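Enquirer: I would like the atomic coordinates for the input below:
(4 chains)
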4 protein chains.
Amino acid sequence: MNTDKRNKSDYPHIEVLPTRWADNDMYGHVNNVVYYAYFDTVVNRLLIERGWLNPLEDKIIAVVAETQCQFFSSLTYPQILEIGLIVERVGNSSVTYRLGVFCQDKPQIAAQGRFVHVYVDSVTRHPVPIPAIVRQGLLALTVHSS
Amino acid sequence: MNTDKRNKSDYPHIEVLPTRWADNDMYGHVNNVVYYAYFDTVVNRLLIERGWLNPLEDKIIAVVAETQCQFFSSLTYPQILEIGLIVERVGNSSVTYRLGVFCQDKPQIAAQGRFVHVYVDSVTRHPVPIPAIVRQGLLALTVHSS
Amino acid sequence: MNTDKRNKSDYPHIEVLPTRWADNDMYGHVNNVVYYAYFDTVVNRLLIERGWLNPLEDKIIAVVAETQCQFFSSLTYPQILEIGLIVERVGNSSVTYRLGVFCQDKPQIAAQGRFVHVYVDSVTRHPVPIPAIVRQGLLALTVHSS
Amino acid sequence: MNTDKRNKSDYPHIEVLPTRWADNDMYGHVNNVVYYAYFDTVVNRLLIERGWLNPLEDKIIAVVAETQCQFFSSLTYPQILEIGLIVERVGNSSVTYRLGVFCQDKPQIAAQGRFVHVYVDSVTRHPVPIPAIVRQGLLALTVHSS
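Expert: Numbers count the residues shown, from 1 in each chain, chains lettered A, B, ... in the order given. Model prediction:
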């Protein structure tokens, strides 16, 4: 199974994010750590804005079980990024996102990530099935509709 | 001298910035530290995009001598912010910015900051006069032109 | 009133903190923003470890109303810091801390900050009196006992 | 090949790191992003303190090509962490580290990461062989000597 998604058009959802001064490290490029802050921001904003997550109220929340990122070329500040998101796999309790990081004015992918959320009871932190309404929404993001 | 600037219209320069998931702390609001990351981002982006600063090449750079912020109401993720900037004072080697942090859809100011840059030789780190072209540009940002 | 506290011996409480790679910015020194993360860390750790704050359980919490920092000399990664804390003023609802940032192996202060906490009801976020047990502990930190 | 390293005693190098207030996210636990800041801090500090890296001077620097982390149990602030490091593989231009994150007073691993550095020319950013002195040092970290 080839899950490589290297083109902006591979991603059904794109969020625009500006870099910040502090994103750059001593080498003058965005630090590898910060890409994961972009992933967190894009995934959770999608969930919150679609009504699928209310972090401080919900009895079922999504916690991060695994993340991964490959870095192909550097980014910097100031720059406007486009972060693409596609749902790669929806399991019983977990969902795997693939994320692509692009500079707004370039077609080549700068970095490619994977982000696994597990749905848990907010008190016991034990895995629970993904709520039906969320599952349905996530499945719609497993393909590019265009 | 009343330098309070509490209205968006007080600021000649406004930058739009989205919050990030990690900006929120345990209380579910943007952590006080992060406002200073917004200030850094807005000030330096202005300097870089107008051609007044090239951080890794310039012989004269601007280093931060003092910052300050008052917090009036909380912000959160996800939210779109508008950060206003006005130059409050231009000295021989230093410039003082005033910054206002607003939520995009609200008129009330959420936080008000002050940010002092001192121009220094990038090697010796001793203060030097602000370059003439930069000084001229900064002076134009000391008033709201509208 | 001279509240300048430039010697390590001026501070009744000192916390040791290592810098992190990401603390450094493009200029190879600790970014001004990060000093405020040190302040947050030192103040809250003191409150939590002495039993004066339980962030996610307490009905009364401390929120930040104002912070300020002057930067005298640069810090870098890797380095071990000593952050001094003294309580400068205890009001009815608010407490003002002064913080001094030192490199472990140097006597000169690198930065000096001020940090104002206001005690509020965790739900309404309206100011309330500082709890008696906390007030008593804070007052003991207004002077250096040695 | 089983490269799972779940015990503190599997790691030839351990660094002690305190968490910071801002490491915690809205759920009151250390945000997944911050673990990568720990990795960066531990790997680079090792390289710098052993004389294998001088980030702003060297003609050959190490850039991050890929990172990955699995999260087993949560961490929080305030807490003292122990981050274990072992070199998993030394290639011609690249080195793969495995990192284990532990709470100081618990034997169970909280998270396990992988971190790939590629040595490049600091100007062209093209891969170059790992310098001999560094390679030798890294090989010594591929096994636990006890």
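Enquirer: only C-alpha atoms for contact and neighbour calcs from this point on.
Expert: Fine.
Enquirer: measure residue A:46 to chain D for me?
Expert: 17 Å (C-alpha to the nearest C-alpha, to the nearest Å).
Enquirer: Doesn't that residue belong to a helix?
Expert: Yes. Under DSSP: H, G, I helix; E, B strand; the rest coil, residue A:46 sits within a helix.
Enquirer: Quick one: name the residues of chain A near chain B.
Expert: Residues of chain A lying close to chain B (C-alpha under 8 Å from any C-alpha of the partner chain) are A:17-18, A:20-22, A:28, A:37-38, A:40-41, A:44-45, A:48, A:56, A:78.
Enquirer: Filter those residues down to the buried ones, PyMOL style.
Expert: Selecting only the buried entries of those in PyMOL, with 16 or more other C-alpha atoms under 10 Å in any protein chain shown as the criterion:
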select buried, chain A and resi 17+18+20+21+22+28+37+38+40+41+44+45+78
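Enquirer: Sitting in helices, which of the residues of chain A next to chain B do you find?
Expert: Mapping those onto helices (DSSP state H) picks out A:37, A:38, A:40, A:41, A:44, A:45, A:48.
Enquirer: on that earlier part again, go through the residues of chain A next to chain B and flag the one the model is least confident about.
Expert: Minimum pLDDT for those is recorded at residue A:56 (86).
Enquirer: shouldn't it be in contact with residue B:27?
Expert: No. Judged on C-alpha atoms under 8 Å, residue A:56 makes no contact with residue B:27 at a distance of 9.3 Å.
Enquirer: What is the nearest of the ones in helices among the residues of chain A next to chain B to chain B?
Expert: Nearest to chain B out of these is residue A:41 (C-alpha to the nearest C-alpha; 4.8 Å).
Enquirer: Surely the closest one is in contact with residue B:24?
Expert: No. If you go by C-alpha under 8 Å, residue A:41 and residue B:24 don't touch, sitting 10.9 Å apart.
Enquirer: Could you give the bridge partners of the closest residue in space to residue A:65 that isn't next to it in sequence?
Expert: Nearest residue to residue A:65, sequence neighbours excluded (C-alpha to C-alpha, 6 or more residues apart in numbering or on different chains): residue D:71, at 5.1 Å. For residue D:71, the beta-bridge partners are residue D:111 (DSSP bridges).
Enquirer: mind listing what residue D:71 touches?
Expert: A:64, A:65, A:66, D:32, D:110, D:111, D:112 (C-alpha atoms under 8 Å, 6 or more residues apart in numbering or on different chains).
Enquirer: and the helix or strand hosting residue A:35, how far from the chain's centre?
Expert: In the assignment (DSSP states H and E), residue A:35 maps to helix A:32-49. Relative to its chain's centre, helix A:32-49 lies at 5 Å (C-alpha atoms, centre = their mean, to the nearest Å).
Enquirer: which residues are in contact with that helix?
Expert: For helix A:32-49, the surrounding residues in contact (C-alpha under 8 Å, 6+ apart) are A:15, A:17, A:23, A:53-54, A:71, A:83, A:85, A:99, A:115, B:20-22, B:78, D:33-34, D:36-37, D:64.
Enquirer: Which positions in chain A make contact with chain D?
Expert: Going by C-alpha under 8 Å from any C-alpha, the residues of chain A near chain D are A:26-27, A:32-34, A:36-37, A:55-56, A:64-72.
Enquirer: For PyMOL, what selects the buried ones among the residues you listed?
Expert: Those of the residues of chain A next to chain D that count as buried under 16+ other C-alpha under 10 Å are selected in PyMOL with:
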select buried, chain A and resi 26+27+32+33+34+36+37+55+64+65+66+67+68+69+70+71
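Enquirer: quick one: contacts for the closest residue to chain C within chain A?
Expert: Nearest to chain C in chain A, going by C-alpha to the nearest C-alpha, is residue A:26, at a distance of 4.5 Å. Listed by C-alpha under 8 Å, 6+ apart, the contact partners of residue A:26 are C:24, C:25, C:26, C:27, C:28, D:55, D:56.
Enquirer: What confidence value was assigned to the second one?
Expert: To tie it back to what came earlier, the one meant is residue C:25. At residue C:25, pLDDT is 95.
Enquirer: Helix, strand, or coil at the residue nearest to the residue of chain A closest to chain C when sequence neighbours are not counted?
Expert: Leaving aside its sequence neighbours, residue A:26 sits nearest to residue C:26 (C-alpha to C-alpha, 6+ apart; 4.5 Å). State at residue C:26, reduced to three classes by three-state DSSP: coil.
Enquirer: for residue C:26, phi and psi?
Expert: Backbone geometry at residue C:26, expressed as degrees, to the nearest 10, gives phi -60, psi -20.
Enquirer: try residue A:50
Expert: phi -90, psi 0.
Enquirer: Residue A:29 too?
Expert: Taking degrees, to the nearest 10 as the convention, residue A:29 sits at phi -130, psi 160.
Enquirer: Name all residues that make contact with it.
Expert: A:23, A:74, A:75, A:76, A:77.
Enquirer: 7 Å - rerun?
Expert: Contacts for residue A:29 (C-alpha atoms under 7 Å, 6 or more residues apart in numbering or on different chains) come out as A:74, A:75, A:76.
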